Structure formats: structure tokens, C-alpha cells
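>>> pasting the sequence and the predicted model now:
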Amino acid sequence: MNAYYYLISSLPTLSFKDGETVPFTRESFLEAIKGFVPERDYKAIENIFDGKSVKRGFIKEYNRLSSSIERALLYYRAKRLSIDDEKYADISGIDSDILSMAEKAVSNENPYESELEVFGIYWKALDNLQLNHFGDFLSLAVYALKLKLLFRKTSFNKQKGEEEAERLFASYNVLEELLNEQ
């Protein structure tokens, strides 16, 4: 356990704010923790980055939170699209904070900002999962999951995304004009 306290206190603080840089690559993070954690924990962190199964107690809780977030997003997306289907209607047992944040994310007209809000929901869920944990495997795993979110966030290119949206919108308009001519 002492190795975890030292390791985690030496890691840079992660921030979800725009413009913040990610302090690690996947490889540099794994190199930084190697030798400080047992092989079993190291392999679990690798599996987290690779999206593979991790058989640890906290993962059940994280998966429950992730499922709640996804169900809330599906519910509000279906509602926004006027899809009345029972498979999207079950939001029982979902925390009111998650519901509120999901509704806000789905209602955002800007896809980039909407996706950032979804990432924010996961970030907050991870913060809540980490409460009362410092210097243990769970806190390191949450750090790794947050890094994974930041890697995904920084892979977005706002300008390219806007250009692609414009291109798709223009092609949709051309198609609509062709269909209206017939």
C-alpha cells in the first residue's frame, strides 16, 4: 500500500478543462507506474486502457455507473427524436445528477460541446467513485480511466469536426434538392 501512496501523490493532477495538456501518453504512464505496483495491478491497468475485462470489485460499480449514464443518454436522445419505445424508457434507479447532466448534454445543439458534456458526466462519476480512496488500486484505476477520457477528448479536432459537419450538411442539402426536383 505504501507504494501506492507515493505513486499517486507523485502523479500530476488531471484536469478536464479546455486547453489543458495530457501529462502522459498511454506508454509513458504505464512506464511511470511499472515497478511501483504489483504485476496483477499493472496488468489490470493495461487492460483498462485496452478496454479489456478487469475482474475487480470497483469495476462492477464503474460498469453500473457507466450503464446508468448510457441509459440516461439513450432516454433523452430518444425523447429528443420523439422515439416512443419502451427499451429507451427505463431510467429507474439512475441518480438525479446523472439524469440532469445527460439531459443537458443531449439538448446541446453543438455535437462537440455535447460530447464534452458527456465526458464530463463520466469524469464526475469517476470522482464520486474515488471518494474516500487515496493510495490504493482503485485510485490508480480511476486515474487511468480519467487519462483514457483525456486521450479521447484530445483526439477531437474541433475545426475538422466543424468542417465535416458542414460537408455533410451541404451534401444533405444537395440530396434534398434532387429529391424535391423529382
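Noted; the coordinates are in hand.
>>> distance of Lys34 from Gly135?
According to Cβ to Cβ, to the nearest Å, Lys34 and Gly135 sit 18 Å apart. (Glycine included, C-beta is placed from N, CA and C.)
>>> neighbour-wise, which of those two wins?
Gly135 (16 against 11; other Cβ atoms under 10 Å).
>>> helix or strand for that one, which one?
Using DSSP states H and E, Gly135 sits in no helix or strand.
>>> was I right about it contacting Ile8?
Yes - using Cβ atoms under 8 Å, Gly135 makes contact with Ile8 at a distance of 5.6 Å.
>>> contact partners for Tyr6?
Neighbouring residues of Tyr6 by Cβ atoms under 8 Å, 6 or more residues apart in numbering: Phe36.
>>> and Glu46, by the same measure?
By Cβ under 8 Å, 6+ apart, the contact set of Glu46 is Leu30, Lys52.
>>> try it again at 10 Å.
Arg26, Leu30, Ile33, Lys52, Val54, Ala144 (Cβ atoms under 10 Å, 6 or more residues apart in numbering).
>>> buried ones in the helix or strand where it lies, by neighbour count?
For Glu46, the host element (DSSP H and E) is helix 39-50. Using 16 or more other Cβ atoms under 10 Å as the test for burial, helix 39-50 gives Asp41, Tyr42, Ala44, Ile45, Asn47, Ile48, Phe49.
>>> pretty sure the third one contacts Ile33?
Spelled out, it's Ala44. No - applying Cβ atoms under 10 Å as the test, Ala44 and Ile33 come out as separate, 11.0 Å apart.
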